[in-house]
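> Next one to model:
(one chain, ligands or ions: 1)
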Amino acid sequence: MSKLAKFPECFLWGGAVAANQLEGNFQADGKGLSTADVSPNGILSPPDFSMKDFNLYHEGIDFYNTYKEDIALFAEMGFKAFRFSIAWTRIFPNGDEFHPNEKGLAFYDNVIDELVKHNIEPVVTISHYEMPLHLAREYGGWKNRKVVEFYERYAKTLFERYHEKVKYWMTFNEINVLLHAPFTGGGLLFEDGKKNEQDIYQAAHHQFLGSALAVKAGHEINPDLQIGCMIASMITYPYTSKPEDMFAATQQDRKTLFFSDVQSRGYYPSYIKSEWLEKGIHIEMEDGDLEILREHTVDYIGFSYYMSFVASTDPEHLKQQASGNLLAGIKNPYLKASEWGWQIDPVGLRTVCNQLYDRYEKPLFIVENGLGAVDVVEEDGSIEDDYRIDYLRAHIEEMKKAIGDGVDLIGYTSWGPIDLVSASTAELKKRYGFIYVDRDSEGKGSNKRLKKKSFNWYKNVIATNGEEL
Ligand code: BGP
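Okay, here's the model as predicted:
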């Protein structure tokens with residue numbers, strides 16, 4: 001690594017959240033029901049339409065009412081950027097309306113103005129793990145081409161309203177979630193409950209179109225906008241140096257890179273066309289679709305990074321399972337894991353940065369990373385989360401090395417700077433924040449905010465632009 005490696009002066013340090021995991025107030029001011037509102041057991045579980053039971057997503061951490069106080073705390077830490085998502089259903093409650101809900105827009109006007117007031121760059125995810133439930137149930141979700149039009153209208157509404165205040169956008173959070181959790185990723189429901197790849201890839205085509213049309217509209221409205229993709233990066237190592245293991249790792253990586261390949265390069269790679277041919281998958285396209293994909297590629301590559309994965313062709317290795325973000329995998333004997341079994345691999349982040357930059361040669365933005373852990377509040381109210389500091393420090397060190405490798409890295413927004421509802425477990429037990437929220441998985445507690453030890457640590461990281469870790 002070059003000893004001179006430094007974070008650029010304008011590096012976007014901050015944090016990232018998603019509407020459905022913290023706003024609560026799920027029916028306030030005309031908001032419609034979203035797919036997240038009927039996923040009370042987390043993104044990987046099947047939806048429950050009965051809505052009878054308590055659902056923590058409906059309450060979040062009440063950010064809908066506390067955003068001012070919370071943003072003031074982010075400002076105190078020196079945040080340069082704050083990534084959040086807009087709930088589609090606050091703007092278009094059913095998704096297929098012609099006119100947006102002004103009250104929903106008013107909430108985001110306030111959030112954005114509050115950020116701008118504190119000199120925090122707002123970074124907006126247009127769709128983070130949710131869509132109007134009406135579009136899922138009445139239209140079949142993203143497998144229906146009509147949804148492209150609804151999404152385009154929604155995205156345009158946001159660009160028109162916020163293009164002077166918001167420069168950085170992402171079209172879909174972890175777009176590759178569609179393969180692993182098709183209801184969360186695309187509002188897809190299957191009659192027999194079994195995933196159907198034909199529908200999934202058809203929905204992917206529609207999302208790629210929606211994303212490219214959003215890029216087109218955004219750039220027409222304001223050419224300065226930076227509109228990125230966002231993938232859950234899942235770098236895969238071969239378990240051994242056996243050539244077959246290496247090829248298995250390559251194939252597994254393609255499942256993720258397929259999405260950024262299309263969004264960044266603007267065309268379907270030959271490996272996916274071969275796979276579709278082999279599986280008898282046929283994607284319906286209209287004339288002009290491929291031109292749209294080619295002409296409106298993303299400006300930067302956004303990605304989350306929590307862990308790395310392992311591939312093997314040996315059935316014995318396959319038995320050694322580790323859990324993970326969206327996907328379970330094989331245990332890596334060289335790595336320790338979080339309490340939820342996610343394997344901690346800071347060096348993997350450097351490798352991912354290099355892999356993505358080599359492949360696309362576009363700026364990279366790490367928009368999620370962090371450690372989910374159980375935090376304990378001591379009698380004096382302090383929270384000694386040294387484990388979180390260790391995790392973040394190790395990852396930031398590797399980011400610095402990646403910059404030394406020549407990677408153009410523009411920012412880092414760690415996941416959940418304030419505790420919020422977990423996407424996979426739907427609980428408030430797995431916490432990521434620098435700011436503790438006094439609320440438990442049953443929704444009980446004062447909802448008070450407390451600074452963890454990591455609060456001041458991260459504040460100093462930002463103040464020294466990553467020089468003091
Ligand atoms: C990512 C999602 C986030 C987030 C994070 C942590 O995949 O984009 O929404 O929640 O993972 O996951 P979890 O909350 O399950 O620990």
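> mind listing what the closest residue to the ligand within the stretch 251-400 of the chain touches?
Per Cβ to the nearest ligand atom, residue 372 is where the stretch 251-400 of the chain lies closest to the ligand, at 4.3 Å. From N, CA and C alone the C-beta is placed, and that goes for glycine too. For residue 372, the contact set (Cβ atoms under 8 Å, 6 or more residues apart in numbering) comprises 338, 339, 340, 342, 422, 430, 431, 432.
> again, 6 Å this time
By Cβ atoms under 6 Å, 6 or more residues apart in numbering, the contact set of residue 372 is 340, 430, 432.
> what about the closest residue to the last one other than its chain neighbours, how many neighbours?
Think residue 432. Using Cβ to Cβ, 6 or more residues apart in numbering and skipping the chain neighbours, the partner closest in space to residue 432 is residue 416 (3.2 Å). When neighbours are defined as other Cβ atoms under 10 Å, residue 416 has 25 of them.
> for the ligand, what are the nearby residues on this structure?
18, 21, 129, 173-174, 232, 304, 325, 368, 372, 415, 422-424, 430 (Cβ under 6 Å from any ligand atom).
> which of these count as buried?
Buried subset of the residues of the chain next to the ligand (neighbour count, 16 or more other Cβ atoms under 10 Å): 18, 21, 129, 173-174, 232, 304, 325, 368, 372, 415, 422-424, 430.
> Select from those residues every entry located in strands.
Here DSSP state E is the test, and these give 232, 304, 368, 415 as lying in strands.
> any chance of those residues in JSON lines, with distance to residue 274 and pLDDT too?
Converted to JSON lines, those look like this (distance: Cβ to Cβ, whole Å; pLDDT from 0 to 100):
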{"residue": "232", "distance to residue 274": "24", "pLDDT": "98"}
{"residue": "304", "distance to residue 274": "28", "pLDDT": "98"}
{"residue": "368", "distance to residue 274": "31", "pLDDT": "98"}
{"residue": "415", "distance to residue 274": "35", "pLDDT": "98"}
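> From these, pick the one nearest residue 167.
The closest of those to residue 167 turns out to be residue 368 (Cβ to Cβ; 19.2 Å).
> is it true that residue 341 lies in a strand?
No - assigned with DSSP: H, G, I helix; E, B strand; the rest coil, residue 341 falls outside any strand and is coil.
> show me what contacts it?
In this structure, residue 341 makes contact with 322, 323, judged by Cβ under 6 Å, 6+ apart.
> Look at it and report its pLDDT.
For residue 341, the pLDDT comes out at 93.
> ditto for the one 10 residues further on
At residue 351, the model reports a pLDDT of 98.
> Leaving out the residues flanking it, which one is nearest to it?
Residue 351 sits nearest to residue 235 (Cβ to Cβ, 6+ apart), 5.9 Å away.
> what about the one you found, neighbour count?
21.
> now swap in residue 278 and tell me
If you count neighbours by other Cβ under 10 Å, residue 278 ends up with 8.
> Make sure it is indeed in a helix.
Yes - under three-state DSSP, residue 278 falls within a helix.
> State the distance from it to residue 271.
Distance, residue 278 to residue 271, using Cβ to Cβ, to the nearest Å: 11 Å.
> Could you do residue 109 as well?
From residue 109 to residue 271 the distance is 44 Å (Cβ to Cβ).
> cool, residue 49 as well?
For residue 49 relative to residue 271 (Cβ to Cβ), the value is 37 Å.
> and what of residue 238?
18 Å.
> who has more neighbours, those two?
Shown here are residue 238 and residue 271; by other Cβ under 10 Å, residue 238 has more neighbours (19 against 14).
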